[in-house]
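Visitor: model the structure of this input:
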Amino acid sequence: MENVTLCTLMQQTISRHGDEVALRDSDNSTTLTWREYGERVESVARGLAARGVERGHTVGLMLTNRPEFHVVDAAVMHLGAIPYSIYNTSSAEQISYLFANAGSNLVVCEEQFLTTLRTAAKGSAVGTIVCVDADSDEDTVLSLADLEGSGSEDFDFRAAWNRVAPDDVLTLIYTSGTTGPPKGVELTHANLTYVLEQVPRVLGDTSGGRVVSYLPDAHIVNRFTAHYSPMAFHSSTITLRQPKRLLEVLVQVRPTDFVGVPMLWYRIMGSIQAGLEQQSGLKGALARWAVRTGTARARARAQGGGRPPLARFLERVADRLVLARIRRQLGLDQARATVTGAAPLDQDAMLFLLALGLPMTEAWGMSETTGVTTLNVADRPRLGTVGTPVPGTEIRVADDGELLVRSAAVMKGYRGDPVRTGDTIDGDGWIHTGDVGHIDADGYVTIVDRKKELIINASGKNMSPANIENALQTACPLIATAVAIGDRRPHVGALFTLDMEAAEAFAAQHGLTDTSLAALVVSPAVKAAVQAGVDAANARLSRVEHVRSWTILPHIWEPGSDVLTPTLKLKRRSITTRYADEIDGLYAAAE
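Guide: Residues are numbered from 1 along each chain as shown. Below is the predicted model:
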């Protein structure tokens with residue numbers, strides 16, 4: 001898409017599909033057609049311009065998943081300014097760092113974040129806060145309605161967005177910061193339009209669909225899937241402010257395209273497997289036969305083999321009688337693509353989801369490569385890999401095993417940080433991803449782990465903690481998070497936290513009366529179930545990777561805490577410090 005910006009794409013969609021629904025809140029409190037969406041964007045842009053926002057300026061957004069996020073972000077974009085989203089779990093200190101790095105003088109938020117933002121803004125350049133769900137109460141806080149009403153009729157909105165160039169920075173994506181302060185990834189309009197052009201070449205038609213916005217808009221996955229893609233392909237975005245309602249909302253919305261992180265897919269898999277185990281008699285036998293039949297189909301497809309006529313007939317029967325019903329119960333029966341990303345998904349989990357007939361696609365990428373670098377698609381999957389590069393993308397393996405990427409999707413750089421930009425992008429335009437992996441003869445990429453997270457045990461053996469953790473989570477639905485320990489240790493140990501929803505269901509099934517977290521983590525029945533999961537995972541792992549000691553922590557880990565990033569990635573350094581005594585106990589108990 002040469003000489004095209006996201007502004008151009010959105011305005012084309014407004015012109016061609018103005019009467020179609022563009023944005024809707026999951027509770028139906030707000031619905032905007034593309035024409036109404038465009039009118040609100042112009043109104044907000046006029047107000048922002050009246051407050052001094054110009055091309056190249058930055059505007060912070062601290063909002064939950066709601067239609068106003070899309071309106072304000074798009075309005076900033078049409079001015080040639082740079083919107084960036086702030087994780088809702090951020091502290092005032094963390095936000096102050098973003099304000100300083102971005103150089104913002106205006107931020108848009110919800111009333112629930114006002115106190116935190118006022119604290120963060122002290123000593124910064126931020127002079128105006130716009131609140132989308134509260135009335136103005138002082139000179140420095142405006143309501144969104146007042147902002148929209150303050151615009152000048154003389155402002156030339158069309159001229160403003162026509163001045164935006166493909167090489168202009170479209171947004172800043174601040175990395176989650178697992179090992180230090182976040183870096184501001186500068187992505188241009190050209191970065192996004194390149195990926196938007198390539199993805200349909202792999203996945204097929206993605207236009208006119210329905211997507212659910214529930215992941216943080218501060219992350220490239222949600223921003224790409226639920227914000228930018230709809231601008232290009234006139235999809236409807238349904239926003240969900242309460243992610244805990246996701247499974248309920250999926251059934252209501254029946255999205256055509258859906259992205260989930262591995263933890264969600266493990267939960268779905270565990271729930272379905274538990275349901276299958278509880279079904280008895282002919283119904284239960286039929287359900288389990290159908291899943292086995294779907295698994296054989298998925299495995300054959302992954303191996304590139306054909307299926308005899310009788311097998312294809314039985315597969316259709318299994319799908320009609322059982323598998324299609326499971327997809328309807330999940331709300332994914334109309335999905336054209338169900339994508340997993342942000343972290344590796346265990347290949348057994350992928351096989352199970354493919355067996356259900358879900359059009360599973362694994363995407364690999366990073367914020368610095370605009371989110372999508374490779375795709376492993378449902379009609380030609382290769383289990384254990386993340387697929388092949390999207391068209392126009394080059395990938396090679398460095399001498400130390402690190403994967404290097406070069407394409408039009410590579411970021412402009414880290415905001416205000418030429419040193420780290422130079423450390424990441426070399427003189428030939430290759431971005432050093434930090435992921436260790438390999439590429440097979442057919443171009444399929446396998447990710448081993450993050451370069452800095454590999455475990456080297458006391459015997460000098462290199463291991464991937466993510467590989468071990470994925471095996472554990474797949475084997476035991478009671479495990480919400482698993483942390484593999486073993487660097488410079490004699491064997492692999494593990495820390496677990498419980499999935500309370502699964503644990504409470506387990507307690508009811510096994511007659512446990514005390515369902516408090518404190519009781520469940522010491523319950524002999526729970527421990528026995530977890531040990532069975534560990535044994536099952538060990539059977540899939542090499543001997544050196546076997547988990548020989550473990551403990552269940554009496555804590556629930558929340559996204560955006562000191563142990564998990566907002567996108568559910570482990571903060572390993574923080575975990576090993578916080579749980580040093582528990583980790584030492586793993587090895588003392590095994591001696």
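Visitor: now the strands for the stretch 351-500 of the chain?
Guide: Using DSSP state E, counting those that start in this stretch, the strands of the stretch 351-500 of the chain run over residues 360-364, 374-376, 388-389, 394-397, 402-406, 413-414, 431-439, 445-450, 455-456, 462-463, 479-485, 492-498.
Visitor: helices of the stretch 451-591 of the chain, start to end?
Guide: 465-475, 500-509, 517-520, 524-540, 572-578, 580-590 (DSSP state H, counting those that start in this stretch).
Visitor: any stretches of the chain with poor pLDDT?
Guide: By pLDDT under 70, the low-scoring segments of the chain are 1-2, 136-139, 176-180, 451, 457-462, 567, 589-591.
Visitor: domain map for it?
Guide: 6-259, 260-451, 454-590 (automatic domain parsing).
Visitor: centre of the chain to the last one, how far?
Guide: So that's domain 454-590. 22 Å (C-alpha atoms, centre = their mean, to the nearest Å).
Visitor: what does the first one give?
Guide: For domain 6-259, the separation from the chain centroid amounts to 17 Å (computed by C-alpha atoms, centre = their mean).
Visitor: now the end-to-end length of it.
Guide: 21 Å (C-alpha to C-alpha, to the nearest Å).
Visitor: first to last residue in stretch 194-211, what's the distance?
Guide: By C-alpha to C-alpha, one end of stretch 194-211 lies 21 Å from the other end.
Visitor: in that stretch, what's buried?
Guide: 194-199, 202-203, 206, 209-211 (16 or more other C-beta atoms under 10 Å). C-beta here means a position set from N, CA and C on the backbone, and glycine is covered the same way.
Visitor: which of those residues fall in helices?
Guide: Those of those mapping onto helices are 194-199, 202-203, per DSSP state H.
Visitor: take these and lay them out in JSON lines including distance to Trp161.
Guide: Shown next, in JSON lines, are these (distance: C-beta to C-beta, whole Å):
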{"residue": "Tyr194", "distance to Trp161": "20"}
{"residue": "Val195", "distance to Trp161": "21"}
{"residue": "Leu196", "distance to Trp161": "17"}
{"residue": "Glu197", "distance to Trp161": "20"}
{"residue": "Gln198", "distance to Trp161": "24"}
{"residue": "Val199", "distance to Trp161": "24"}
{"residue": "Val202", "distance to Trp161": "29"}
{"residue": "Leu203", "distance to Trp161": "28"}
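Visitor: give me the three-state assignment for the spatially most distant residue from the centre of the chain.
Guide: Distance to the chain centre peaks in the chain at Asp154, reaching 41.0 Å (criterion: C-alpha atoms, centre = their mean). Of the three states, Asp154 takes coil under DSSP: H, G, I helix; E, B strand; the rest coil.
Visitor: quick revisit: out of the helices of the stretch 451-591 of the chain, deepest packed?
Guide: Most buried of the helices of the stretch 451-591 of the chain by mean neighbour count (mean count of other C-beta atoms under 10 Å) is helix 465-475; its value is a mean of 25.
Visitor: and that one, what does it pack onto?
Guide: Applying 3 or more C-beta pairs under 8 Å, 6 or more residues apart in numbering; DSSP states H and E, one finds that helix 465-475 makes contact with helix 262-278, helix 347-355, strand 445-450, strand 479-485, strand 492-498, helix 524-540.
Visitor: helix 347-355 and that helix, what's the angle between them?
Guide: On the basis of axes from the mean of the first three to the mean of the last three C-alpha atoms, to 10 degrees, helix 465-475 is oriented at 50 degrees to helix 347-355.
Visitor: wait, doesn't Thr369 sit right on Arg406?
Guide: No - look at Thr369 against Arg406 with C-beta atoms under 8 Å: they stay out of range, at 9.5 Å.
Visitor: who touches both of those two?
Guide: Common neighbours of Thr369 and Arg406, using C-beta atoms under 8 Å, 6 or more residues apart in numbering, are Ile431.
Visitor: looking at the two, which is more packed in?
Guide: Each of Thr369 and Arg406 has its neighbours counted (other C-beta atoms under 10 Å); Thr369 has more, 25 against 18.
Visitor: contacts only, for that one.
Guide: Here Thr369 is in contact with 405, 407, 409-411, 431, 433 (C-beta under 8 Å, 6+ apart).
Visitor: measure the closest residue to it other than its chain neighbours to Thr373 for me?
Guide: Nearest non-adjacent residue to Thr369, counting by C-beta to C-beta, 6 or more residues apart in numbering: Ala409, 5.0 Å away. Taking C-beta to C-beta, to the nearest Å as the criterion, Ala409 is separated from Thr373 by 7 Å.
Visitor: got any residues that touch both of the two?
Guide: By C-beta under 8 Å, 6+ apart, Ala409 and Thr373 have these common neighbours: 365, 393.
Visitor: count of residues packed around Glu186?
Guide: Around Glu186 there are 22 other residues, counting by other C-beta under 10 Å.
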